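A.B. asks: show me the folded form of this:
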Amino acid sequence: MKRFRNNVIRAGLGALYFTGAHHALRPIFAGVGTIFVLHHVRPARDAAFQPNHHLEVTPDFLRATLGYLRASGIDIVSLDEARRRLVEQDFSRRFACLTLDDGYRDNRDFALPLFREFEAPFTVYVTSDFAQGIGRLWWVALERLIASTEQIDVSIDGVEERIDCASDAAKQAAFERLHGWIRTLSDAGEVGREVAALCARHGIDDLEITRDLCMPWDELTAFAEDPLVTIGVHGITHSNLAKQSEVIAKHEIAYSRKCIEAALQRPALHLAYPYGDKAAAGAREFALAQALGFRTAVTTRPGMVFAENADYLTALPRLSLNGNYQDERLLPVLTSGAATAMWNGFRRIDAA
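C.D. replies: This is a model prediction of the structure:
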């Protein structure tokens, strides 16, 4: 299903490119700016089974993106500057913000040199348990588990299942089945227990995955000293806030911020909701972020930034630099707003 959806999206982007329709739609739907969302920036991997491929782009594609933005006369700015322009309605030039979620080590090793090359500020949203080395990148653990075996025995909602993982196609289907089930679980504790149990049965150390991929506090401290870097908040456990009680959701946001500020000795004024889609962040979460005093909070709802977003600073949309669509020709299509306008039914604001 995901592969089919990706093919449909790719075909739609291609159609906009080849017809040139995005040029006509740009003045209407490009808005005043764009907030890009990335996760990993690292060299391409060779494995045929890469269900998390959408979460990574190559350094070459990031360089192409930054070069395109500069060549297009788009200002690459910090979130604080983007907020200022929205509040003051200063739209003499279009802007772009680059944001990266979770706190991966490759953000420092591969992305930071490129941001320095283009003198481009950016924000990294840190999940505090990942920095502490006790959080679980369960989607990565799931990928590695499935890649390592030909079948998985698991109890889902009280029903024992034997899931085939013998071929690449079967592995992809297994990932979609298990990923969908895990996203239905109520909290990070339950997710952790289920994933840890699966990993233990197959010899996968899921905590070691986090320690290998994410920057710990000492590395983040040095990283945050770069003047281009802003560190934001991404929750304690990367749990779905909308599935938590209001008390727990507030604690996830506020305590993560406290941990980050204590470790890095600098304010953390910007928030990214874990997962960030409509199933994970809505009106209650937007209000919590505002009440806690965050200057901005971003979702993963696809969209461009319009002047009206000044009234919804804790429900800002982002545009994914998706690993499945790393085609430099599509950058003018993506930044035209045409694709996200169609996705959103031609609504400018999606903050409900």
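A.B. asks: switch to C-alpha atoms for all contacts and neighbour counts from now on
C.D. replies: Will do.
A.B. asks: contacts for the helix or strand hosting residue 69, please.
C.D. replies: Element membership for residue 69, per DSSP states H and E: helix 59-71. Here helix 59-71 makes contact (Cα atoms under 8 Å, 6 or more residues apart in numbering) with 41-43, 75-76, 96, 110-111, 114, 118, 326-328, 331.
A.B. asks: quick check: mean pLDDT of it?
C.D. replies: Throughout helix 59-71, pLDDT has a mean value of 98.
A.B. asks: return the distance of that helix from the chain's centre.
C.D. replies: 19 Å (Cα atoms, centre = their mean, to the nearest Å).
A.B. asks: what does stretch 244-262 contact?
C.D. replies: By Cα under 8 Å, 6+ apart, stretch 244-262 touches 126-128, 186-187, 233-237, 241-242, 267-268, 285, 288-289, 292.
A.B. asks: which members of those residues are classed as buried?
C.D. replies: Buried members of the contacts of stretch 244-262, counted by 16 or more other Cα atoms under 10 Å: 126-128, 187, 233-237, 241-242, 268, 285, 288-289.
A.B. asks: report the lowest-confidence entry in those.
C.D. replies: residue 187 (76).
A.B. asks: could you find the closest non-adjacent residue to that one?
C.D. replies: The shortest distance from residue 187 to any non-neighbouring residue, by Cα to Cα, 6 or more residues apart in numbering, is to residue 239 (6.2 Å).
A.B. asks: so what strands line up beside the helix or strand just after the helix holding residue 69?
C.D. replies: Using DSSP H and E, the helix or strand that follows helix 59-71 in sequence is strand 75-76. When pairs are called by DSSP bridges, strand 75-76 turns out to pair with strand 95-102 (parallel).
A.B. asks: now the strand it pairs with and helix 59-71, what's the angle there?
C.D. replies: Strand 95-102 runs at 160 degrees relative to helix 59-71, counting by axes from the mean of the first three to the mean of the last three Cα atoms, to 10 degrees.
A.B. asks: contacts for the helix or strand that comes right after strand 95-102?
C.D. replies: With elements assigned by DSSP H and E, the helix or strand that comes after strand 95-102 is helix 105-106. With Cα under 8 Å, 6+ apart as the test, helix 105-106 has contacts from 40-42, 213-215.
A.B. asks: sort out for me which of those residues are in strands.
C.D. replies: Secondary structure from DSSP state E places 40-41 of those in strands.
A.B. asks: could you find the closest non-adjacent residue to residue 217?
C.D. replies: Residue 217 sits nearest to residue 131 (Cα to Cα, 6+ apart), 5.6 Å away.
A.B. asks: could you confirm the one you found falls within a strand?
C.D. replies: No. Under DSSP: H, G, I helix; E, B strand; the rest coil, residue 131 falls outside any strand and is assigned helix.
A.B. asks: now do the contacts for it.
C.D. replies: Contacts of residue 131 by Cα under 8 Å, 6+ apart are 103, 211, 214-217.
A.B. asks: got CSV for those residues, with pLDDT and neighbour count too?
C.D. replies: Listed next are those as CSV, based on pLDDT from 0 to 100; neighbours: other Cα atoms under 10 Å:
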residue, pLDDT, neighbour count
103, 98, 27
211, 97, 20
214, 98, 24
215, 98, 24
216, 98, 20
217, 98, 18
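A.B. asks: would you map the strands across the stretch 1-150 of the chain?
C.D. replies: When assigned using DSSP state E, counting those that start in this stretch, the strands of the stretch 1-150 of the chain occupy the ranges 33-38, 40-41, 56-57, 75-76, 95-102, 122-126.
A.B. asks: helices and strands around the helix or strand where residue 191 lies, which ones?
C.D. replies: For residue 191, the host element (DSSP H and E) is helix 188-201. Judged by 3 or more Cα pairs under 8 Å, 6 or more residues apart in numbering; DSSP states H and E, the packing partners of helix 188-201 are helix 138-147.
A.B. asks: from the contact counts, what lies against the helix it packs on?
C.D. replies: By 3+ Cα pairs under 8 Å, 6+ apart, helix 138-147 packs against helix 168-184, helix 188-201, helix 206-213.
A.B. asks: buried ones in the second one?
C.D. replies: Read that as helix 188-201. 188, 191-192, 194-196, 198-199.
A.B. asks: will you turn those residues into CSV that also has distance to residue 162?
C.D. replies: Below are these laid out as CSV (distance: Cα to Cα, whole Å):
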residue, distance to residue 162
188, 24
191, 19
192, 21
194, 16
195, 16
196, 18
198, 13
199, 15
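A.B. asks: need the contacts of helix 105-106 in a markdown table (columns: distance to residue 203).
C.D. replies: Formatted as a markdown table, the contacts of helix 105-106 follow (distance: Cα to Cα, whole Å):
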| residue | distance to residue 203 |
| --- | --- |
| 40 | 25 |
| 41 | 27 |
| 42 | 26 |
| 213 | 18 |
| 214 | 21 |
| 215 | 24 |
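A.B. asks: I am finished for the moment; much appreciated.
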